Structures are given as C-alpha cells and as structure tokens.
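*Asks:* Pasting the sequence and the predicted model now:
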Amino acid sequence: MRTYWRQRNDLIRSAGRHIQRIQKALTQMNLQLANVLSDVSGVTGQAIVKAILAGERNRWKLAAFRDNRVKVSEEEIARRLEESYLGAHFRRRRTRLGPPVAVKAMAAKLARLVYRMLRYGMQFVDQGAEFYEARHRQREIKSLKRKAANLGFQVTELATA
C-alpha cells in the first residue's frame, strides 16, 4: 500500500511540474492565461492550449473555447490573450539578438518610456502587436529597397489583390 501512495504522490508532483511548464511557456508567449483562469489544465485551458498548438492566433476564437462553468467572461479572456506592442517587440529582438541582449534592449526601451511619461506627462498607449508588425514590415521594405538601389536595381511595388 505504501508503494501505491508513493507512486500516486510522485505522479501528482510530476503533473504539477508539467502544468507549471505550460504556464511558463504561455507567459513567455505573452499570453496571460494563468492570470484569468484558475486552472490551465482544466477544460477551457486545455482547449485554448490545443488551439494555440494547432496554429490559432485569433484571441476571440480562443476565448470562445470558454467552458460555461468558468466565471470569467469571454471578453476578459480575449483581453488577456491580446498581444502587446512591447511583447511583440521583445520577441522579435530575442529572435534577432538572443535573449540576454534582448532583455537589455527592452530594459532600455522601458526606461525611455518611463522617462517620457514622468518628464513630459505623456501617457503610454499600447498599439498592439499588429501595429508593431506592420511598422516593422514597412521598415524592412524600405531597407530592402535601399539595398537594391545600392546594388543598382530598381524596385517597383506590385498592388496586392
């Protein structure tokens, strides 16, 4: 009987570690699901995680997986799943520069934001990840055009359908 209880306790501890890993991965993806759902291993949490793994990124579609027993509204879940401008900025820097340099760069960016807020009384308005991605895409296009011009090529944009 003792062996059974030890095995049971080991499995419970192991399950707890795996749930913590899921929560950490979600936090690294800037998805604050653990702050809104008390149990990410429940019906709603597992449905959302499976949809994310299947490639779903629309926060409203993910929030629609909410089970009726969950007290939090779909709007609140969707709000917590929304990617922020700073999160998108950090992920791109981390990919390009590596985690240590990205952390330093983000710390410097946050320091500049706080300075402007305190010095000039400016409000920080998060534009969202889509704004950041669109701005980044325009900068990449401009950079590629400049490189092509340096090589003697002329770039013309095609109208998208």
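*Replies:* Perfect, I can see it now.
*Asks:* domain ranges for this structure?
*Replies:* 2-81, 85-150 (automatic domain parsing).
*Asks:* Just send the ones you listed back as a markdown table, with distance to residue 156, mean pLDDT and mean neighbour count too.
*Replies:* Every residue, glycine included, has its C-beta placed from N, CA and C. Output for the domains of the chain, formatted as a markdown table (distance: least, Cβ to Cβ, whole Å; pLDDT from 0 to 100; neighbours: other Cβ atoms under 10 Å):
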| stretch | distance to residue 156 | mean pLDDT | mean neighbour count |
| --- | --- | --- | --- |
| domain 2-81 | 32 | 82 | 14 |
| domain 85-150 | 10 | 82 | 13 |
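*Asks:* From residue 42, how far out is residue 96?
*Replies:* 36 Å (Cβ to Cβ, to the nearest Å).
*Asks:* Now tabulate the domains of the chain in a markdown table and tack on distance to residue 158.
*Replies:* Shown next, in a markdown table, are the domains of the chain (distance: least, Cβ to Cβ, whole Å):
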| stretch | distance to residue 158 |
| --- | --- |
| domain 2-81 | 26 |
| domain 85-150 | 12 |
